[in-house]
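Colleague: Below are the sequence and a predicted model for it; my questions follow.
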Amino acid sequence: MTELDISTRNCIVEQDGHVLIVTLNRPEAKNAFSPEMLLGMYRAWRRLEDDDELYCAILTANGDTFCAGMDLKAGAEGQQRSTEEFMQVMAEVPNVHWQALLRDNRPNKPLILAVEGYALAGGTEILQGTDIRVAAENAVFGITEVARGLYPMSGSTVRLRRQIPYCLAAEMLLCGEHVDARRALEMGLVNRIVPPGQTLAAAREYAARICANGPLAVRAVTRSLREHQEAMTEADAMAASDELAGPVFASSDAKEGMRAFKEKRPAVFTGK
């Protein structure tokens, strides 16, 4: 596994074959967001989107807390300093923070989440920008902004009710209370629960399964999942889906997949 030069002090970005591994690295502050962390995440998601050799990504964290969201201690007193580099990027990309937090311009490749410990406020908001989610038995979730008189600006009022039943989303958003891992699984907020310390290994298993498939097909399916929402009529969604399917079926990978099936061997995909 290789650490990439886009890493920052608070966000380690590594590549392991076709998988990008993004690790929040501010455990002394419960991985609350910092300019360095946001900059690292922004760079990671853009690298994932642009590098054809990367098929998916895993988001995880160091320490016993996944992410506590905004740094309220710094925010209350206005003391959190933005690095000069982050401010330079923000001058060119005004929504760089929303891209970092997967609210805007998500990379069109699968994102796998591995959560240990608390994932509160922004920690649960960024969850909604991912596709497959593994939680440790000790994981705790919560969109707690209302308890601090704040508004969840990373997209929870829009996304959460599309991902779990409306009444459960309303309960989480309006009560601002904690939800344990078992309840999160019942809600459909996460895919799987594993013992503490095992989430990254489980996320790697999901990544390996994804990487074994045709990368063009995976990207097209990911795009359809993200873009073809319930608000579209079924006919419009089907037409849009067909547009994505055409190039996939015309690809060399599609021919290789069918040939491999006929020859009873694993397919060797090239992403072409």
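Modeller: Yes, it's here. Predicted model, so just to flag it, every value in this text is computed and none were measured.

Colleague: Could you report the separation of Arg47 from Met70?
Modeller: For Arg47, the distance to Met70 (CB to CB, to the nearest Å) stands at 25 Å. Using the backbone N, CA and C atoms, a C-beta is placed for each residue, glycine as well.

Colleague: ranges for the strands of the stretch 101-250 of the chain?
Modeller: Applying DSSP state E, counting those that start in this stretch to the stretch 101-250 of the chain gives strands spanning 111-115, 118-120, 132-136, 140-142, 179-180, 192-194.

Colleague: For Leu39, which of the ones you listed is the nearest?
Modeller: Closest to Leu39 of those, according to CB to CB: strand 111-115, at 18.2 Å.

Colleague: Of the strands of the stretch 101-250 of the chain, give the one that comes closest to Glu14.
Modeller: Each of those has some distance to Glu14 by CB to CB; the shortest is strand 111-115, at 13.5 Å.

Colleague: Could you figure out how far the closest one is turned away from strand 132-136?
Modeller: Interaxial angle, strand 111-115 versus strand 132-136 (axes from the mean of the first three to the mean of the last three CA atoms, to 10 degrees): 10 degrees.

Colleague: now strand 111-115: mean pLDDT?
Modeller: The average pLDDT within strand 111-115 is 98.

Colleague: The protein - how does it break down into domains?
Modeller: What automatic domain parsing lists as the domains of the chain is 2-211, 215-263.

Colleague: Would you state the helices of the stretch 1-150 of the chain in chain order?
Modeller: Under the criterion DSSP state H, counting those that start in this stretch, the stretch 1-150 of the chain contains helices at 35-50, 72-77, 84-92, 96-100, 122-125.

Colleague: Could you do the stretch 151-272 of the chain as well?
Modeller: Counting by DSSP H, counting those that start in this stretch, the segments of the stretch 151-272 of the chain that form helices are 156-163, 166-175, 181-187, 199-211, 215-227, 234-249, 252-263.

Colleague: Now distance to Thr2 too, for those helices, in CSV please.
Modeller: What follows is those, written out as CSV (distance: least, CB to CB, whole Å):
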stretch, distance to Thr2
helix 156-163, 33
helix 166-175, 38
helix 181-187, 32
helix 199-211, 16
helix 215-227, 20
helix 234-249, 30
helix 252-263, 26
